[in-house]
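Peer 1: Take a look and give me a structure for this.
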Amino acid sequence: MDGVGTLRRTPLYEVHRAAGARMVPFGGWEMPVQYSGIIEEHLAVRTRAGLFDVSHMGEVELAGPGALALAQRLVTNDVARLAVGQALYTPMCTPEGGIIDDLLVYRLDDARLMLVVNATNTQEDLAWIRAHAADDVRVIDRTAEVALLALQGPRSLAILQRLTPTPLETVPYYRFRDGVEVAGRRTLVSRTGYTGEDGFEVYCAPGDAPHLWSAILEAGRPDGVLPAGLGARDTLRLEAGYLLHGNDMDTATTPLEAGLGWTVKLQKGEFIGADALRRQKAVGISRRLAGFTLEERAIARHGFAILHEGTPIGRVTSGTFGPSVGKSIGLGYLPPEHAEPGRRVAVEIRGRAVPGVVTKLPFYTRPQPAPA
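Peer 2: Have a look, this model is predicted:
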């Protein structure tokens, strides 16, 4: 925060206002929730492309001979397996195994890593990281020095390629290239995203963000690219089965409970939370995050009760109408015996039990191109 009650603004704030975006507070920032409409923006990303301003995300650099060791101690996934130019997704946990945040780790070179953290958690994450850093690593907050644009959708590669001589098809999923010239500006381009579609995230200097935003929209005009806000970002990520920290996981939930066991590498060596997660794995979990689909178009809001034969067995963590799947969908923690796909459940909405069924995640998977 810049002051008590003051919302921060990204370098694109004036661009959003000029485009008629509806602005809302989010994670201490004033952010666009929608431009033309959430469903229209959502479907543009699924069928063509959408451009998001995600400059509110935090960037933390670890630099020095101890950078890799610090990252390995902080997160559950195995950072040591990263090659330079590769990224991974991982939770960062408390000693009890609770999820402080989920983040991306980028290996910039042998002695430098970049952690991309959630906007709401940036200051707390920084304090936690610094508290565990030894003298052989510098922890640098780069958030104010970095703007971040996300171009997502099946036409993303074609659109962004028009603006750079770098052959982007050679950048695999969860890989990145630094020093890429895009529309005449130096950037880091990463093949990552939060929508379930192919796409790229473009890290740049804050002063370059308005130029790059305009250049990408102009290059994508023939393809029908649209600027997209946080509303579509939320419906897209939920259809793809991606979790939102603070809703679907927090320090009271563990990666094993949240369905993120694949990110917990207990064999890599000691890390914060490892003992607690070993114990939980041995004993077994008492609840598990599950997806569900409702049989009516009612929306299951965060905190609503999930029922089995009229008895509450869990709470909704996220819910929306999925424009691409044509159904009301949601997530919630359930006892393991009720979390299997096909189990009948209901959600209490305005005093009425709306029937539904536990559904395997993700709700939506992007179509694969037909073989040539």
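
Peer 1: Quick check: can you list the domain ranges of this protein?
Peer 2: Listed domain ranges for the chain are 8-55+146-239, 58-144, 287-359 (source: automatic domain parsing).

Peer 1: Compare those domains and give me the one nearest residue 281.
Peer 2: domain 58-144 (9.9 Å; Cβ to Cβ). C-betas here are computed from N, CA, C, even on glycine.

Peer 1: quick one on the thing from earlier: among the domains of the chain, which is nearest residue 260?
Peer 2: Closest to residue 260 of the domains of the chain is domain 58-144 (Cβ to Cβ; 5.9 Å).

Peer 1: OK, contacts around the residue nearest to residue 334 when sequence neighbours are not counted?
Peer 2: Excluding the flanking residues, the one nearest residue 334 by Cβ to Cβ, 6 or more residues apart in numbering is residue 314, at 4.4 Å. Residue 314 makes contact with 287, 305, 306, 332, 333, 334, 335, 338 under the criterion Cβ atoms under 8 Å, 6 or more residues apart in numbering.

Peer 1: Now residue 314: phi and psi?
Peer 2: Main-chain dihedrals, residue 314, degrees, to the nearest 10: phi -180, psi -180.

Peer 1: roughly how far apart are it and residue 322?
Peer 2: Distance of residue 314 to residue 322, computed by Cβ to Cβ, to the nearest Å: 20 Å.

Peer 1: Repeat that for residue 274.
Peer 2: Remark: distance between residue 274 and residue 322 (Cβ to Cβ) = 36 Å.

Peer 1: Over to residue 269?
Peer 2: Going from residue 269 to residue 322 by Cβ to Cβ gives 40 Å.

Peer 1: which of these two has more neighbours?
Peer 2: residue 322 (20 against 12; other Cβ atoms under 10 Å).

Peer 1: I figured the more buried one hits residue 239, correct?
Peer 2: Yes. The pair residue 322 and residue 239 qualifies as a contact (Cβ atoms under 8 Å) at a distance of 4.7 Å.

Peer 1: what residues do these two have in common as contacts?
Peer 2: Shared contacts of residue 322 and residue 239 (Cβ under 8 Å, 6+ apart): 329, 363, 364.

Peer 1: Which phi and psi values does residue 256 adopt?
Peer 2: Residue 256 has phi and psi values of phi -70, psi -40 when expressed as degrees, to the nearest 10.
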